[in-house]
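J.: let me see the structure of the following:
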Amino acid sequence: MNYKKVIVEAGRKLCERSLTVGTWGNISCRDPEKGLIYLTPSGMNYDQISEEDIVVFNKQGEVVQGTRKPSIEKDLHLKIYENRNDVQAVLHTHSVYSSVFAVTAEEIPPVSEDFVQIVGDRVECADYALPGTEELAENAVEELDSRNAVLLVNHGAVAVGSDMDTAFKVSDVLEKTARIYIYSKSIGEAQIIPDEDIEAMQDFAKNSYGQ
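T.: Residues are numbered from 1 along each chain as shown. Okay, the predicted model is just below:
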C-alpha cells in the first residue's frame, strides 16, 4: 500500500468535509507490518501537499524519510500509536460542532446508536495543554483510553481507526453527534443510552453488523 498517497488523499478529504480550515489539523497512518508512521508536514495547504512532503517516522519516533518539518502534533500521533496497537490512522480535526464541546470542556454523552457503536460510550475532554507539547499528547492518550475519539480543550478533536476510512467514519459520526446534541438542547433534554444497551450495540457492531 502507498501510505504517502493515503495521507495526501486524506488531506484533501479533510477539507472537502469541512473538518478543518486552512492548514490546521494533521493526519497520520501507520504501516502495521513495518511499524512506519506517515505524517503530514507542518503548515502546508492540503491541496498542495505531495507524496514527497510526507514525513516518515520509525517505531522509535525518528525521522527516516522526508525533508519537511513534521506537524507540530507529532508527539500526539506517536503517543497514540505507542499506546494503541489497534489504531493505524489518526485524524486531528478542527471541526466546528466537536470544537464547541472542546471549548466548553464538556464531554459528548452516548445519545445516538451509531455514536456508541463506532466511537465509544462517550467522548471525553483531555486537560488543556499547549499545542505541540508532550503534555498535550499524554493528556489526549489518557482520555482517549480505548475509545475512538477524544476532545482537546480549546483546540479540536482527534479520531482514530483501524484504517483511514474508519478514522474518517469516526470523525464524521463524532461531528454529526455533536451537532445533534447541540440542537437537542434547544428543544429539550437528550435521552442517554443505558450502559447495557451500549454494550449490546457495540457487540453487534463488532461481531454481527455488515456482510
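
J.: for residue 136, see how far away residue 162 is.
T.: Using C-beta to C-beta, to the nearest Å, residue 162 is found at 24 Å from residue 136. Using the backbone N, CA and C atoms, a C-beta is placed for each residue, glycine as well.

J.: looking at the two now, which is surrounded by more residues?
T.: Shown here are residue 162 and residue 136; by other C-beta atoms under 10 Å, residue 136 has more neighbours (23 against 13).

J.: and the pLDDT at the more buried one?
T.: On pLDDT, residue 136 comes in at 98.

J.: going by secondary structure, it is in what exactly?
T.: Using DSSP states H and E, residue 136 sits within helix 134-144.

J.: shouldn't residue 181 be within a helix?
T.: Yes: Residue 181: assigned to a helix according to DSSP: H, G, I helix; E, B strand; the rest coil.

J.: so how far is residue 97 from it?
T.: Residue 181 is 8 Å from residue 97, by C-beta to C-beta.

J.: what's stretch 84-92 in contact with?
T.: Outside stretch 84-92, the residues that touch it by C-beta atoms under 8 Å, 6 or more residues apart in numbering are 10, 14, 19, 25-30, 32, 73, 76-77, 80-81, 144, 152, 156-164, 166-168, 170-171.

J.: what are the buried residues along the helix or strand bottoming out on mean pLDDT in the chain?
T.: Sorting the helices and strands of the chain by mean pLDDT, DSSP states H and E puts helix 195-207 at the bottom, at a mean of 84. For helix 195-207, a neighbour-count test (16 or more other C-beta atoms under 10 Å) marks 198, 201 as buried.

J.: then that helix to PDB, C-alphas only?
T.: Once non-C-alpha atoms are left out, helix 195-207 reads as follows in PDB (Å, rounded to 0.1, in the frame of the first residue of the first chain):
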ATOM      1  CA  ASP A 195     -24.900   1.200  29.700                       C
ATOM      2  CA  GLU A 196     -26.300  -2.300  29.000                       C
ATOM      3  CA  ASP A 197     -27.700  -1.200  25.600                       C
ATOM      4  CA  ILE A 198     -24.300   0.400  24.700                       C
ATOM      5  CA  GLU A 199     -22.600  -2.900  25.400                       C
ATOM      6  CA  ALA A 200     -25.200  -4.800  23.300                       C
ATOM      7  CA  MET A 201     -24.800  -2.400  20.300                       C
ATOM      8  CA  GLN A 202     -21.000  -2.400  20.500                       C
ATOM      9  CA  ASP A 203     -21.100  -6.200  20.400                       C
ATOM     10  CA  PHE A 204     -23.400  -6.100  17.500                       C
ATOM     11  CA  ALA A 205     -21.300  -3.700  15.600                       C
ATOM     12  CA  LYS A 206     -18.200  -5.700  16.200                       C
ATOM     13  CA  ASN A 207     -19.500  -9.200  15.600                       C
END
